[in-house]
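Need the 3D shape of this:
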Amino acid sequence: MKFTCMTALPTDDEKKAEKQSQQHTKSSDTQKTLKNTAMSILKRSLLKIIVIGDSGVGKTSLMNQYVHKKFTHQYKATIGADFSTKEIQIDDKLVTLQIWDTAGQERFHSLGAAFYRGADCCVLVFDVNLLRSFETLQNWHEEFLKQADPVNPESFPFVLIGNKVDVNYGRSQAVPEMTVKDWCASRGNIPYYETSAKEDYNVDHAFTSIARIALAYEHDDGQDIDLQRIPESLSGVEQQRGGCAC
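Okay, the predicted model is just below:
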């Protein structure tokens, strides 16, 4: 006896489903190609961002939260300097941020020139709950300009970050917001942002604004920057945020 193997032909519904699957795959491939092409023709820019301030104010935590979306309660002082990179898109430009996290201890201050040169923006960080960290900002500001030696010191962009706003639900702040704003206004209207690296509060917004400011400085080749186009500072913190922060 001879057996014949019969192969079932696909039904109309199966043919239709296969055709739709092929069209979807083709459409997805086309979208990926267009996206890759668009990314390849974007203008690219490398921006060097220097983050300075007293030891323990949360500079490393801010960088790690922004770049890696990570936070640790374990404190480890930065030795010398370290940096991380993050690629973001700002309008029609693909921007690579090279964020330098510098040591806050005084014994490392002499190393500043080696790390500060070529910076496109300097981020000053203080702990809103520690008055001393705010009082030393002027020293950091002057030391950076001295060691970085920018072409136009008067127009070089600075950004101020007041970190750890979540501590004790924001009730432990030792520096009045008006005092901070007056300090910024007296130094060329430095943009100010309050953050919590621990709670990831306002971190992305602050660094995106920093990127825009640095990009404007790079584009204008050190000329005066129109800060009116930079997003306004955000301050305060939601009352439900609590715990300790770095």
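
CA only for contacts and neighbour counts going forward, please
Fine.

what are the ranges of the helices in the protein?
Counting by DSSP state H, one finds helices in the chain at the ranges 12-41, 59-68, 112-116, 131-135, 137-148, 177-185, 203-219.

Those helices: lowest mean pLDDT?
Among those, helix 12-41 carries the lowest mean pLDDT, a mean of 59.

how many neighbours does the spatially closest residue to residue 67 that is not a sequence neighbour have?
Computed as Cα to Cα, 6 or more residues apart in numbering, the closest residue to residue 67 that is not its neighbour in sequence is residue 86, at 5.9 Å. Counted with other Cα atoms under 10 Å, residues neighbouring residue 86 total 13.

Residue 86 reaches residue 69, doesn't it?
No: in this structure residue 86 lies outside contact range of residue 69 using Cα atoms under 8 Å: 11.5 Å.

Distance across stretch 162-176, terminal residue to terminal residue?
Using Cα to Cα, to the nearest Å, the end-to-end distance of stretch 162-176 comes out at 11 Å.

brain fart, stretch 100-116
9 Å.

any idea how far residue 137 is from the closest residue in space to residue 207 that isn't next to it in sequence?
Nearest in space to residue 207, with sequence neighbours left out and distances taken as Cα to Cα, 6+ apart, is residue 66 at 7.6 Å. Distance of residue 66 to residue 137, given as Cα to Cα: 22 Å.

how about stretch 158-175: buried residues?
158-170, 173, 175 (16 or more other Cα atoms under 10 Å).

what pLDDT, on average, does it get?
Stretch 158-175 comes out with an average pLDDT of 91.

just stretch 93-105 next, same as before
84.

mind listing what's buried in that stretch?
Here stretch 93-105 shows 94-104 as buried, counting by 16+ other Cα under 10 Å.

what's the answer for stretch 196-204, then?
Buried, per 16+ other Cα under 10 Å, within stretch 196-204: 196-203.

Can you give me the end-to-end span of that stretch?
End-to-end distance for stretch 196-204: 11 Å, by Cα to Cα.

ok, back up a step: residue 186: which of the buried residues of stretch 93-105 is nearest?
Of all these, residue 186 sits closest to residue 104, with 24.2 Å by Cα to Cα.

Out of the buried residues of stretch 93-105, name the ones that lie in strands.
Among the buried residues of stretch 93-105, the ones falling in strands (DSSP state E) are 94-102.

so which of those residues comes closest to residue 212?
Among these, and counting by Cα to Cα, the member closest to residue 212 is residue 95, at 9.6 Å.

Surely that closest one and residue 87 touch.
Yes: at 5.6 Å, residue 95 and residue 87 qualify as touching, with contact defined as Cα under 8 Å.

Pull stretch 134-153 out as PDB, backbone CA atoms only.
Provided in PDB are the C-alpha atoms of stretch 134-153 (Å, rounded to 0.1, in the frame of the first residue of the first chain):
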ATOM      1  CA  PHE A 134      26.800  78.100  50.400                       C
ATOM      2  CA  GLU A 135      29.300  80.500  51.900                       C
ATOM      3  CA  THR A 136      32.200  78.900  50.100                       C
ATOM      4  CA  LEU A 137      30.600  79.200  46.700                       C
ATOM      5  CA  GLN A 138      32.400  82.500  46.000                       C
ATOM      6  CA  ASN A 139      35.700  80.900  46.600                       C
ATOM      7  CA  TRP A 140      34.800  78.100  44.100                       C
ATOM      8  CA  HIS A 141      33.600  80.700  41.600                       C
ATOM      9  CA  GLU A 142      36.800  82.700  41.800                       C
ATOM     10  CA  GLU A 143      39.100  79.600  41.800                       C
ATOM     11  CA  PHE A 144      37.500  78.200  38.700                       C
ATOM     12  CA  LEU A 145      37.900  81.400  36.700                       C
ATOM     13  CA  LYS A 146      41.500  81.700  37.900                       C
ATOM     14  CA  GLN A 147      42.500  78.200  36.900                       C
ATOM     15  CA  ALA A 148      40.300  77.600  33.900                       C
ATOM     16  CA  ASP A 149      41.300  81.000  32.500                       C
ATOM     17  CA  PRO A 150      38.400  81.400  30.000                       C
ATOM     18  CA  VAL A 151      38.800  83.800  27.100                       C
ATOM     19  CA  ASN A 152      35.900  86.000  28.400                       C
ATOM     20  CA  PRO A 153      35.600  85.500  32.200                       C
END
